[in-house]
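**Student:** Just a sequence and a predicted model for now, questions to come.
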Amino acid sequence: MGYRLAACAEMIFLDLPFVERVERIRDRGLLVEIWDWSTKDLAALAATGAEFSSMTGYLRGDLTSSEGRAELLATARESLRAAEVLDSPRLNLHGTGLGEGGLPVVPRETVSGSDWLHAADTLREIAELGAEAGRIFVLENLNLAVDHPGVPFAKAADTLALVRGVDHPNLRLNLDLYHAQIGEGNLIELVREALPWIGEIQVADVPGRCEPGTGEIRYEAVARALRDLGYTGVIGMEAWASGDPEAALDAFEAAFAV
């Protein structure tokens, strides 16, 4: 397979301290994804020798309001400094800041044409920050029905339209297929359309957000499509373990061993 596999340390080996979770993922030869870096001992994580794939690229803010854009840009700069410690190549963004339970800090029922233009302008600035630092920001699609109601620019079609419109090499998609299955479906065609803009892919099964093989998505078919398309990026399991964490990672690796 031409792609590399990663696992999210926020959702696996939950009975272990965070540094030990990273070490367990590292010991399996997988890349490591993390979320909010500001709550972590970055030096201790770097000392594990793990290879990090992605981390959250902001702490506060949004893509459209004046105050939110300023906060997003300021905390993106902080995140870039943190990314240097871990040498994380990608920094993850959402349409707005997420609070407890993944709910948007400022929910938006409707998104205007002006909001789209402001979002594109903000993402251009973010991409330039990434270019200066030699990092890539990735914009993640979410789902509105189950996990993130009220988040603007949530669907994969929205994130793809923004990234394609900005058209900057330091802004790409974090294409989350769990969220896309809930919100849109038709995953293989979505991957084909989005392929030139993908910076990373995340996976979990539906329903339940557990490892591949626990739900309705035929990830083996997705894996074959990615192979045939020549995808060489990262696929990260951002999923809960339905039981034993090692068995969950075994299932993930088996689904993508094509």
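**Tutor:** Here it is on my side, so go on.
**Student:** what residues does stretch 236-250 touch?
**Tutor:** The contact list for stretch 236-250 (CB atoms under 8 Å, 6 or more residues apart in numbering) reads 5-8, 10-14, 24-25, 28, 30-31, 33, 53-54, 176, 178, 200-205, 208-212, 214, 252. The way it works is simple: take the backbone N, C-alpha and C, and place the C-beta from them, glycine included.
**Student:** residues of it that come out buried?
**Tutor:** Residues of stretch 236-250 classed as buried by neighbour count (16 or more other CB atoms under 10 Å): 236, 237, 238, 239, 240, 241, 242, 245, 248, 249.
**Student:** Can you tell me which of those comes closest to residue 256?
**Tutor:** Using CB to CB, residue 237 comes nearest to residue 256 of the buried residues of stretch 236-250, at 9.1 Å.
**Student:** beta partners for the closest one?
**Tutor:** Beta-bridge partners of residue 237, counted by DSSP bridges, are residue 7, residue 203.
**Student:** Next up, the contacts around the residue nearest to residue 76 when sequence neighbours are not counted.
**Tutor:** Spatial nearest neighbour of residue 76, excluding adjacent residues (CB to CB, 6 or more residues apart in numbering): residue 58 at 5.1 Å. By CB under 8 Å, 6+ apart, the contact set of residue 58 is 71, 72, 75, 76, 79, 91, 93, 97.
**Student:** Enumerate every residue touching the fourth one.
**Tutor:** What that stands for is residue 76. Residue 76 sits in contact with 57, 58, 91, 93, 126, 129, 137, where contact means CB under 8 Å, 6+ apart.
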